[in-house]
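Q: Fold the stuff below for me.
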Amino acid sequence: MSKFEPIEFFSKQSSALPSYSLLPFNFTELDATRYVVTNLAGEFILLERGLLHRLVEGGLSPTEPIYADLRARHFLSDSHSKMAPDLLAIKVRTRNEHLANWTGLHMFVLTQRCDHSCPYCQVSRQSEDKTAFDMSREHAEKAVALTLRSPNPAIKIEFQGGESFLNFDLLKHVVLTAKAANEQLAHPKDLKFIVATNLSVATDEMLDFCAQHEIGISTSLDGPRDLHNKNRPRPGDDSYERTIEGIARVRQRLGRHSVSALMTTTEASLSRGREIVDEYVEQGFGGIFLRPLSPYGFAVKTRFFRAYNAEQWLNFYDDALDYVIELNRQGLEFREYYAATILTKMLTCKDPGYVDLRSPAGIGMAGVIYNHDGTVYASDESRMLAEMQDTTFKLGCVDDSFETLYTNETFLQAVDETFAYSAPMCTDCAFEPWCGADPVFHWRQQQDMVGRKPESEFCQRNMHIFRGLISRMENDPYVRRLFTQWAHTC
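A: All right, here's what the predicted structure looks like:
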């Protein structure tokens, strides 16, 4: 039977004509009495247990108020909605159209040198000579050529480290080389650049170059001064001051919205979620992305990753999210970006393309990374894993052809196994249309690209957040309006 082929139920009043046909859907418990029911396009509805049973058994009457809602959202079809399967198929195709564009994000590790010594560093930063840990011009030029081979019409080159600005000469060379090569294409790409930097070594020359070429800045801000400096130490104990000063200088030269910031949750952060949000508000950011530690690099060697569990992080997340909602209720426009990303998938027909919430997995297809030594990995996390002597997700090197890199057997296996429609347990989960796969995380944790879902912290975190977002919307009309706004402006 086709996935879109309806299941017909006959009316108890007539054995000749079907009352309605079920379109494909999954259901998962929300709480003790209600289920989240989703269709293939990610549209959802809440049904109480008894009503769900009657729907499945063919016992709903067209006169019931819920009937029209179920029909409008493509959970069932009848003689008045014969086009429902085709419309559902169009919505599914629209949500997945990004897959045809292939890789849009290309990350260049310019150097692994860094002036910070963050104990949770996930990239195993180095501080030795640049000949060993800087990307060469030859490798960079080959990476640019591979980047522009991507069929995606919109390309973003992101400079990573270490500290990206410690190899500023190469950064300039890549920008100028990529722009010149792009202009020679028959169909030039929409080419954009972004630098991941702690801003501690950023000079006026560097920022002026970024302004001239419209290069965005992404930095790190873990919270108030004492917390940031504890998490991100550097000689002089002035990491926070340099970051705040750098943000102000970037805004002065590049514009107010040219800089974004990310935080990482450590054990010291768990009781300070509201203070961290306040810091982002004070620094003039329009939102915050609350993220846990990842099991790579120094975060494992220093045992930072195991300093707290998923439940503790979710308590931190819930408290901080509720505080963000309260700030909005008081009139301050501020959002939590991870929630906004999920809500976009829940409440609209578009997919924001967040790598960790894609099916099949976003590694390789959404982003690829060129390491400082010329090796190519399927994601940033893949090269972090490689620094721990596990090169499972290595695609090849910059000397390889575009075709060779993207027909790598491990990459194709990961794409195949992380297609959630067919992954064990995912295929039956109501949250599947909003979720994704993280094969690198599961490989690191369980030596399995798909992962054992009952033991997966990835699943535990996301399912809790999905349920929490729905419950907040259902219990408070203001939150529903706020979340709808976030979804449509993500």
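
Q: How is the chain divided into domains?
A: Following automatic domain parsing, one gets these domains for the chain: 7-95, 103-405.

Q: looking at those domains, which one has the lowest mean pLDDT?
A: Lowest mean pLDDT within these: domain 7-95, a mean of 87.

Q: you'd agree Thr177 is up against Ala140?
A: Yes: contact criterion Cβ atoms under 8 Å: Thr177 and Ala140 qualify, at 7.5 Å. (Glycine included, C-beta is placed from N, CA and C.)

Q: sorry, back to before: possible to save the domains of the chain as CSV with mean neighbour count?
A: Formatted as CSV, the domains of the chain follow (neighbours: other Cβ atoms under 10 Å):
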stretch, mean neighbour count
domain 7-95, 16
domain 103-405, 19
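
Q: Overlap in contacts, Thr177 and Ala140.
A: By Cβ atoms under 8 Å, 6 or more residues apart in numbering, Thr177 and Ala140 have no common neighbours.

Q: Tell me the spacing between the residue nearest the centre of the chain and Arg452.
A: Nearest to the geometric centre of the chain sits Tyr354, at 3.2 Å (Cα atoms, centre = their mean). Separation of Tyr354 from Arg452 (Cβ to Cβ, to the nearest Å): 23 Å.

Q: residues touching His74, list them.
A: Shown in contact with His74 (Cβ under 8 Å, 6+ apart): 23, 39, 41, 43, 84, 87-88, 91.

Q: In helices, which of those fall?
A: When DSSP state H is applied, the contacts of His74 are split such that 84, 87-88, 91 fall in helices.

Q: Let me know the closest of these to Ile363.
A: Nearest to Ile363, judged by Cβ to Cβ, of the ones in helices among the contacts of His74 is Lys91 at 25.6 Å.

Q: Just list the residues touching that closest one, thanks.
A: Lys91 makes contacts with 40-41, 43, 74, 349, as judged by Cβ under 8 Å, 6+ apart.

Q: just His173 next, same as before
A: 137, 140.

Q: Double-check that Leu207 belongs to a helix.
A: Yes: according to DSSP: H, G, I helix; E, B strand; the rest coil, Leu207 belongs to a helix.

Q: element containing the residue lying closest to it once chain neighbours are set aside, please.
A: Excluding the flanking residues, the one nearest Leu207 by Cβ to Cβ, 6 or more residues apart in numbering is Arg253, at 4.7 Å. Per DSSP states H and E, Arg253 falls inside helix 239-254.

Q: And the strands in the stretch 101-250 of the chain?
A: Per DSSP state E, counting those that start in this stretch, the stretch 101-250 of the chain carries strands over the ranges 105-109, 154-160, 190-196, 215-220.

Q: out of those strands, which comes closest to Glu381?
A: Nearest of the strands of the stretch 101-250 of the chain to Glu381, taken as Cβ to Cβ: strand 105-109 at 11.1 Å.

Q: partners of the closest one in the sheet?
A: Here strand 105-109 is paired, per DSSP bridges, with strand 154-160 (parallel), strand 367-370 (parallel).

Q: so how far is it off the chain centroid?
A: 16 Å (Cα atoms, centre = their mean, to the nearest Å).

Q: Report the inter-axis angle for it versus strand 190-196.
A: Comparing the axes of strand 105-109 and strand 190-196 via axes from the mean of the first three to the mean of the last three Cα atoms, to 10 degrees yields an angle of 40 degrees.

Q: Other residues contacting strand 105-109?
A: 135, 140, 143, 146-147, 150, 155-162, 174, 355, 366-372, 380, 383.

Q: Now do the helices in the stretch 301-450 of the chain.
A: Ranges of helices in the stretch 301-450 of the chain, per DSSP state H, counting those that start in this stretch, are 310-329, 337-347, 380-386, 402-405, 409-417, 439-446.

Q: Quick check: which helices or strands does the fourth one pack against?
A: Same thing as helix 402-405. Here helix 402-405 touches strand 394-397, going by 3 or more Cβ pairs under 8 Å, 6 or more residues apart in numbering; DSSP states H and E.

Q: For the strand it packs on, C-alpha coordinates in CSV please.
A: In CSV, the C-alpha atoms belonging to strand 394-397 read as follows (Å, rounded to 0.1, in the frame of the first residue of the first chain):
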residue,chain,number,x,y,z
LYS,A,394,35.7,11.5,6.8
LEU,A,395,34.7,12.1,3.2
GLY,A,396,38.1,12.4,1.8
CYS,A,397,40.4,15.3,1.1
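
Q: by contact count, what packs against it?
A: Under the contact criterion of 3+ Cβ pairs under 8 Å, 6+ apart, strand 394-397 touches strand 375-377, helix 402-405, helix 409-417.

Q: and stretch 223-241, how far out from the chain's middle?
A: Computed by Cα atoms, centre = their mean, the chain-centroid distance of stretch 223-241 equals 27 Å.

Q: Between the two ends of that stretch, how far is it?
A: Counting by Cα to Cα, to the nearest Å, you get 12 Å between the two ends of stretch 223-241.

Q: Right, I'll leave it there.
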